[in-house]
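**Q** the sequence isn't on hand, but the structure is:
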């Protein structure tokens, strides 16, 4: 498996957001954390939340759970920042009484936003959103005591455990992916995670491919979506051969322009490019973490 890092950097220079270019540079030790954090700040609102297209298919300016999850994803990569506690404060303000986060809050201007964001019910907790946000927040909490001790995170974590325990059938593929990721993130800190991870693992076939109902043609969750990192409990759900095969698939996915493609629909020309930059950085980061790069 051979990856052309120079071509990937050139793709990001021509097509990627400044944020993903900075994340790429940080991954290889070429910039300090502040360079990445400054790029995230461009999407921050005075209320402590994040909008402005930080979630590429949600281009509205107001703060949204989708923006919060992408901000926390970056904070988990670069280390402690006061911004992380601030976004937890914002999340506490939009969370519902059961501790869950809605899929989205009302969108004032739907221009270039995916309809599933615009049509979301802000009064219903979403396991999909809450699990992804709680996953990356718990990973950030490993290095940031302000996040670790934040009451929002405790409530969201409790919601996720209860919602996953209540599942009596396989959820939507994307919900399954984020629920598995959440359980992996809290595996060492909470004894509830192990049995629930085993339960969700029973919904994933041996080949690790779960089609996304209602998605684009061929869109699926794959083994590395569920288990991106080596030496994590969730890797036990898959054989070595399955993971190695998916690493080859991912490595072979680099295009002639240096970037990677996505297998899902985008809802604006800007989002289509931004998602490619996001997944290009993600592919390089994941392959590096797995020793391919």
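**A** Perfect, I can see it now. Not measured: the values here are computed from a predicted model. Numbering: from 1, shown residues only.

**Q** the residue nearest to residue 55 when sequence neighbours are not counted: which element?
**A** The spatially closest residue to residue 55, leaving aside those adjacent along the chain, is residue 66, at 3.4 Å (C-beta to C-beta, 6 or more residues apart in numbering). No exception for glycine: its C-beta is placed from N, CA and C like everyone else's. Counting by DSSP states H and E, the element that carries residue 66 is helix 65-78.

**Q** what is that helix packed up against?
**A** helix 18-27, helix 33-41, helix 82-94, helix 127-141 (3 or more C-beta pairs under 8 Å, 6 or more residues apart in numbering; DSSP states H and E).

**Q** distance of the residue nearest to residue 55 from residue 218?
**A** Separation of residue 66 from residue 218 (C-beta to C-beta, to the nearest Å): 24 Å.

**Q** same thing with residue 95?
**A** Per C-beta to C-beta, residue 95 is found 35 Å from residue 218.

**Q** of these two, give the one with the bigger neighbour count.
**A** Between residue 95 and residue 218, counting by other C-beta atoms under 10 Å, residue 95 is the more crowded of the two (20 against 9).

**Q** residues in contact with the more buried one?
**A** With contacts defined as C-beta atoms under 8 Å, 6 or more residues apart in numbering, the neighbours of residue 95 are 101, 125, 152, 155, 156.

**Q** dump those to CSV, plus secondary structure and pLDDT.
**A** Output for these, formatted as CSV (DSSP: H, G, I helix; E, B strand; the rest coil; pLDDT from 0 to 100):
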residue, secondary structure, pLDDT
101, coil, 98
125, strand, 98
152, helix, 98
155, helix, 98
156, helix, 98
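
**Q** show the buried residues in the residues you listed.
**A** Neighbour counting over the contacts of residue 95 (16 or more other C-beta atoms under 10 Å) leaves 101, 125, 152, 155, 156 as the buried ones.

**Q** dump the residues you listed to JSON lines, plus distance to residue 9.
**A** Formatted as JSON lines, the buried ones among the contacts of residue 95 follow (distance: C-beta to C-beta, whole Å):
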{"residue": "101", "distance to residue 9": "35"}
{"residue": "125", "distance to residue 9": "40"}
{"residue": "152", "distance to residue 9": "36"}
{"residue": "155", "distance to residue 9": "41"}
{"residue": "156", "distance to residue 9": "36"}
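
**Q** element containing residue 292?
**A** Going by DSSP H and E, residue 292 is not in any helix or strand.

**Q** how about the nearest residue to it, chain neighbours excluded?
**A** Leaving out its chain neighbours, the residue that sits closest to residue 292 by C-beta to C-beta, 6+ apart is residue 1, at 5.3 Å.

**Q** count of neighbours near that neighbour?
**A** A count of nearby residues for residue 1, using other C-beta under 10 Å, gives 14.

**Q** ok, now which ones touch it?
**A** Residues near residue 1 by C-beta under 8 Å, 6+ apart: 247, 248, 251, 252, 287, 292.

**Q** contacting residues around residue 90?
**A** 47, 48, 49, 63, 68.

**Q** next: residue 29.
**A** Contacts of residue 29 by C-beta under 8 Å, 6+ apart: none found.

**Q** from residue 73, how far out is the residue lying closest to residue 26 once chain neighbours are set aside?
**A** Spatial nearest neighbour of residue 26, excluding adjacent residues (C-beta to C-beta, 6+ apart): residue 36 at 5.0 Å. According to C-beta to C-beta, residue 36 and residue 73 sit 11 Å apart.

**Q** looking at those two, which is more packed in?
**A** Between residue 36 and residue 73, residue 36 has the larger neighbour count (other C-beta under 10 Å), namely 26 against 21.

**Q** quick check: pLDDT value at the more buried one.
**A** pLDDT recorded at residue 36 is 98.

**Q** still on that earlier bit, give me the pLDDT for the residue nearest to residue 55.
**A** pLDDT, residue 66: 98.

**Q** that one - how many residues pack around it?
**A** 26.

**Q** identify the residues contacting residue 131.
**A** Applying C-beta under 8 Å, 6+ apart, the residues contacting residue 131 are 160, 163, 164, 175, 178, 179, 181, 182.

**Q** kind regards, and thank you for your time.
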